[in-house]
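A.B. asks: Return atomic coordinates for the entry below.
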Amino acid sequence: MRIAHVTWTFTFGGIETMLVNIANEQVALGHEVHIVVIEHNNVEPSLAEKLHPDIQLHLANRRYGVKDILAIVRLNRILYSIAPDVIHLHSASIYKYLMPGLRRKCNSTLHALCNSSNTDCIQYIPRVFAISKAVADDLKEKKGVSSLVIYNGIRPELIKVKKQPADISDPVFRIVMVSRLEHTKKGQDLLIDALSEMKGRGYDNITVDLIGDGESRAFLEQHCRERGVERQVRFLGAKTQDYIFDHLCDYNLFVQPSRLEGFALTVAESMAAKVPVLVASGQGPEEVIDYGRYGYVFKNGDAKDCADKIEHIMSHGEDEAMTDAAYHRVHDCYNVKVITKMYVDNYKR
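C.D. replies: Here you go, the predicted model:
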């Protein structure tokens, strides 16, 4: 089967990480795979290096923010030259730029909860996938579109596993969050507020590492100063997948405080590293941990409840049975080998 994945950008992010994993596995299954990137100057070299040598990367070089008709012509020419059996869109809005002869071959994955941009034209696409039940339910409620749930896939065998549970007597309790610095959605400010709450309770031995970059960095740095925890929070910036996979195991707890989140690959990756996870309620990450069976949950948007859960985890020590069960859940449910087969089977239909 000849498969063409089409995406706006190819930089660090959940969509791109999933795309690399899926595309590489599709090649391993014997399929011919192409990736078409629409936006100009939006390919991260270290990510492209992760692609199997047999995957062909094509660039439409659309200039952002302008009506670039030539780029749309290039996009369609590229796809016609590939002559794919299947076109897999990683944003539904791409559909409107395709010629009618290409549109009938389209599938699309909805990678996040619904907004005006990621659901543009989604009702016209022949087959739609959703990365979680939370996303599928949101799409059905807001757009009336039915979708098939296929979870995001990771490669757990690449992730370094913590060798032993954390010792409750360790002098420093290390927390990590890996996400774009976009606090209105990702909730880093809530984690900072929870850290400040914990400091007020006498816990001055907690550190937080924020991995990722984004437009909220200046706001979050100021927020740390206002909450008096600037010495406890480190902004590590964007890191490669290799770095993250090697260092998740260094932490006592992974926290995903997102206000809005469709899945969160890094939650599954932390489970694969046997690191306990704490997530906000009511959306994709809570679904990943099966609503508290494989991790901890705090009330969405409630920094005090987040602090309460952190205090509980610190005082009771790591639940080794939970982290072991979470590790096996990732291998059973979120392994890219399982996910890829589901995609290919549904392409054929």
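
A.B. asks: what's the domain layout of this protein?
C.D. replies: 2-153+334-348, 157-332 (automatic domain parsing).

A.B. asks: Reformat those domains as JSON lines; add mean neighbour count and mean pLDDT.
C.D. replies: From N, CA and C alone the C-beta is placed, and that goes for glycine too. Below are those laid out as JSON lines (neighbours: other CB atoms under 10 Å; pLDDT from 0 to 100):
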{"stretch": "domain 2-153+334-348", "mean neighbour count": "18", "mean pLDDT": "94"}
{"stretch": "domain 157-332", "mean neighbour count": "19", "mean pLDDT": "95"}
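
A.B. asks: which residues in this protein form strands?
C.D. replies: Assigned by DSSP state E, the strands in the chain fall at 2-7, 32-39, 56-62, 86-89, 106-110, 127-130, 148-149, 173-178, 206-211, 233-237, 253-256, 277-280, 296-298.

A.B. asks: who's in contact with the closest residue to residue 107 other than its chain neighbours?
C.D. replies: Leaving aside its sequence neighbours, residue 107 sits nearest to residue 127 (CB to CB, 6 or more residues apart in numbering; 4.6 Å). For residue 127, the contact set (CB atoms under 8 Å, 6 or more residues apart in numbering) comprises 106, 107, 108, 148, 346, 349.

A.B. asks: All the helices of this structure, in order from the start?
C.D. replies: Taking DSSP state H as the test, the helices found in the chain are 14-28, 45-48, 69-82, 100-103, 133-143, 183-186, 188-200, 217-227, 241-247, 265-272, 284-288, 303-316, 320-333, 336-348.

A.B. asks: CSV for those, including distance to residue 120?
C.D. replies: Formatted as CSV, these follow (distance: least, CB to CB, whole Å):
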stretch, distance to residue 120
helix 14-28, 16
helix 45-48, 25
helix 69-82, 15
helix 100-103, 14
helix 133-143, 10
helix 183-186, 19
helix 188-200, 28
helix 217-227, 28
helix 241-247, 29
helix 265-272, 24
helix 284-288, 21
helix 303-316, 34
helix 320-333, 30
helix 336-348, 22
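
A.B. asks: Tell me which of these lies nearest to residue 119.
C.D. replies: When the helices of the chain are compared by CB to CB, helix 133-143 sits nearest residue 119, at 5.5 Å.

A.B. asks: what angle do the closest one and strand 106-110 make?
C.D. replies: 110 degrees (axes from the mean of the first three to the mean of the last three CA atoms, to 10 degrees).

A.B. asks: And the contacts of stretch 242-255?
C.D. replies: Taking CB under 8 Å, 6+ apart as the rule, stretch 242-255 contacts 158-163, 166, 170, 173-178, 191, 208-209, 211, 266-267, 269-270, 273-279, 306, 310, 313, 318.

A.B. asks: Residue 139 contacts residue 118, correct?
C.D. replies: No: the criterion here is CB atoms under 8 Å, and residue 139 misses it with residue 118 at 9.6 Å.

A.B. asks: returning to what we had before: now tabulate the contacts of residue 127 in a markdown table and tack on distance to residue 327.
C.D. replies: Formatted as a markdown table, the contacts of residue 127 follow (distance: CB to CB, whole Å):
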| residue | distance to residue 327 |
| --- | --- |
| 106 | 36 |
| 107 | 31 |
| 108 | 31 |
| 148 | 27 |
| 346 | 28 |
| 349 | 32 |
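
A.B. asks: Going by distance to residue 91, which of these wins?
C.D. replies: residue 108 (7.5 Å).

A.B. asks: from memory that closest one sits against residue 95, does it?
C.D. replies: Yes: applying CB under 8 Å as the test, residue 108 and residue 95 come out as touching, 7.0 Å apart.

A.B. asks: okay, and the common contacts of residue 139 and residue 118?
C.D. replies: Counting by CB under 8 Å, 6+ apart, the residues touching both residue 139 and residue 118 are residue 110.

A.B. asks: Could you export stretch 197-206 as PDB, CA atoms only?
C.D. replies: Taking C-alpha atoms only, stretch 197-206 is exported to PDB below (Å, rounded to 0.1, in the frame of the first residue of the first chain):
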ATOM      1  CA  GLU A 197       0.900  25.600  48.100                       C
ATOM      2  CA  MET A 198       3.200  22.800  49.000                       C
ATOM      3  CA  LYS A 199       5.900  25.200  50.000                       C
ATOM      4  CA  GLY A 200       3.400  27.000  52.300                       C
ATOM      5  CA  ARG A 201       2.700  23.600  53.900                       C
ATOM      6  CA  GLY A 202       6.400  23.300  54.700                       C
ATOM      7  CA  TYR A 203       7.500  21.200  51.800                       C
ATOM      8  CA  ASP A 204      10.600  23.000  50.400                       C
ATOM      9  CA  ASN A 205      12.300  19.900  49.000                       C
ATOM     10  CA  ILE A 206      10.200  19.700  45.800                       C
END
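
A.B. asks: Centre of the chain to it, how far?
C.D. replies: Put simply, stretch 197-206 sits 30 Å off its chain's centre (CA atoms, centre = their mean, to the nearest Å).

A.B. asks: Over to stretch 286-305?
C.D. replies: 17 Å.

A.B. asks: Residues in contact with it: which ones?
C.D. replies: 132-134, 187, 190-191, 193-194, 197, 257, 259, 263-264, 267-268, 271, 276-283, 306, 308-309, 312-313, 322, 325-326, 329, 334.
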